[in-house]
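Peer 1: just to be clear, the model below is a prediction. Sequence and coordinates:
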Amino acid sequence: MKTLLKRAITPSGIVILTTILSFLAWSFPGFEGQVRKGFVTPYPVGSWGLFLCVLWLAVMIFGAFAGFLTGSRLRLQTGLLNRRVSLDAFRPYLLISLIAYVGIVYVFIQLIGALGISGIVGAVGGGQANTLKDTLYDSYSVGVVSLRYLAIPAAALALYHLTRRRYIFISVVNIIALALVAVISSRLSLIFTVFTAVPLFVFKSKLRIRPRTVFLAVLILFHLLAALNYSRNISFYRTIGIDNFYAAGFSEIVTYLGSPFQGFLATGELGDRLQGTSDIDASNATGISFELSTNSAFLELTRGVGVLQAFLVLALCTLLGSFIMGVALKNKDNLLFLLFGSIGYCFAELWRIYLFGQGIVSTIVVMLLLVTLWCVYIPPLRRGRTTATEVKA
């Protein structure tokens, strides 16, 4: 099972797998209004549009494969990193966790100031938890609030350490911290954490991964996502006639996976005609429900810069991103290995949204690099001062 997973979580493997899942969700029947899909009629794509879609997939897969192959074959000296910032070390783990706590506490201070404790509890309990995210983003700016995203690598490390029965207290706190982040602003924090944690178990852990374990993990993840969806969107689903926990949760997944494939096909057919279009015009042109905002990275980039430039951006980001994943794999015994899952998540979402360089990814990557630099270089400086003092004495 681990051999299969090792192939599946390479950049090209991720692209292929997520594209297949998106196609299957797009093809899933709506059962006469019982399942929400985010669109009504499949987009009628012609031969030229189909060619552009196939070319888009080919560029993604080739870029992901070539960059990863190059990065994973580099000869690197990782001894110092493995000693100072080992994945098993407590100091870097604690530092990442503390930074995440600062961000989460700061967010809650802002939310309490705006809504009060009763307002927060009422929003979550009343199935309107999106109010918290809307409030947070009313006057949002990159800064301390962005540090809450460090709960993602902290929780991934927590899962890794808990299986080894160490650092139990702080690991449990990190799981709770992730749950708070998911409720506050992003259900996808859970999926991001899974993508960050899976490589730790596949490449590092000695635990055997059985098919039933994978099935159980998927089942648990579905219920967690369905519960978060219920807390956020149940009022909306009731307006369209869906009032069942499982039906709403399943509909959300089908919509999340399937509507981007609709946008993907429409972009192949419409091409540069979508450049510069407004949200409402793009919704009308693709047939995707207006309230959905992440409807294919191909659509997003084409609307912004046009088809040709979209292909250039795709080629560069897949080559560079997969190269970083290859380098991270060479560092699988130290903290930099967390970059493997963090960038891998960008590939996992590339059929839906262009995440490379966005706040959540930039924050995690930059802070992991800063924590690594701190833990590597501060100890030698301290020893150097101590040694100098001793020599002088």
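Peer 2: Thanks, I have the structure now. Numbering: from 1, shown residues only.
Peer 1: please count neighbours and contacts with C-alpha atoms only from this point.
Peer 2: Noted.
Peer 1: where does pLDDT dip in the stretch 1-150 of the chain?
Peer 2: 1-2, 30-33, 125-130, 137-142 (pLDDT under 70).
Peer 1: run through the helices of it in chain order.
Peer 2: For the stretch 1-150 of the chain, the helices defined by DSSP state H, counting those that start in this stretch occupy 2-8, 11-27, 47-72, 79-84, 90-125, 130-136.
Peer 1: could you pull out the strands in the stretch 101-250 of the chain for me?
Peer 2: In the stretch 101-250 of the chain, no strands are defined using DSSP state E, counting those that start in this stretch.
Peer 1: what about the helix or strand harbouring L270, average pLDDT?
Peer 2: For L270, the element it lies in under DSSP states H and E is helix 245-270. Helix 245-270 comes out with an average pLDDT of 87.
Peer 1: for the helices of the stretch 1-150 of the chain, which one sits closest to S322?
Peer 2: Nearest to S322 among the helices of the stretch 1-150 of the chain is helix 47-72; the distance by C-alpha to C-alpha comes to 4.5 Å.
Peer 1: for the closest one, the distance to its chain's centre please.
Peer 2: Here helix 47-72 is found 20 Å from its chain centre; the criterion is C-alpha atoms, centre = their mean, to the nearest Å.
Peer 1: sort out which residues of that helix are buried, please.
Peer 2: Across helix 47-72, burial judged by 16 or more other C-alpha atoms under 10 Å covers 49-50, 52-53, 56-57, 59-69, 71-72.
Peer 1: again, but for stretch 267-279
Peer 2: Across stretch 267-279, burial judged by 16+ other C-alpha under 10 Å covers 267-272, 274-275.
Peer 1: stretch 19-39 now?
Peer 2: Buried positions in stretch 19-39, judged by neighbour count with 16+ other C-alpha under 10 Å: 19, 22-23, 25-26, 35-39.
Peer 1: same thing with stretch 353-371?
Peer 2: Buried residues in stretch 353-371 (16+ other C-alpha under 10 Å): 353-356, 360-365, 367-368, 371.
Peer 1: so who does L162 touch?
Peer 2: Counting by C-alpha atoms under 8 Å, 6 or more residues apart in numbering, L162 makes contact with 168, 171.
Peer 1: tell me the pLDDT at it?
Peer 2: Listed pLDDT for L162 reads 93.
Peer 1: repeat that for the one 5 residues further on.
Peer 2: For Y167, the pLDDT comes out at 93.
Peer 1: what of F337?
Peer 2: Looking at F337, its pLDDT reads 95.
Peer 1: now the one 4 residues further on
Peer 2: Residue-level confidence at G341 comes out at 92, pLDDT.
Peer 1: from what I can see it touches T196, true?
Peer 2: Yes. G341 lies in contact with T196 (C-alpha atoms under 8 Å); the separation is 3.9 Å.
Peer 1: ok, back up a step: what packs against the helix or strand just after the helix holding L270?
Peer 2: Later in the chain than helix 245-270, the nearest helix or strand by DSSP H and E is helix 279-286. Applying 3 or more C-alpha pairs under 8 Å, 6 or more residues apart in numbering; DSSP states H and E, we find helix 279-286 packed against helix 245-270.
Peer 1: I am finished for the moment; much appreciated.
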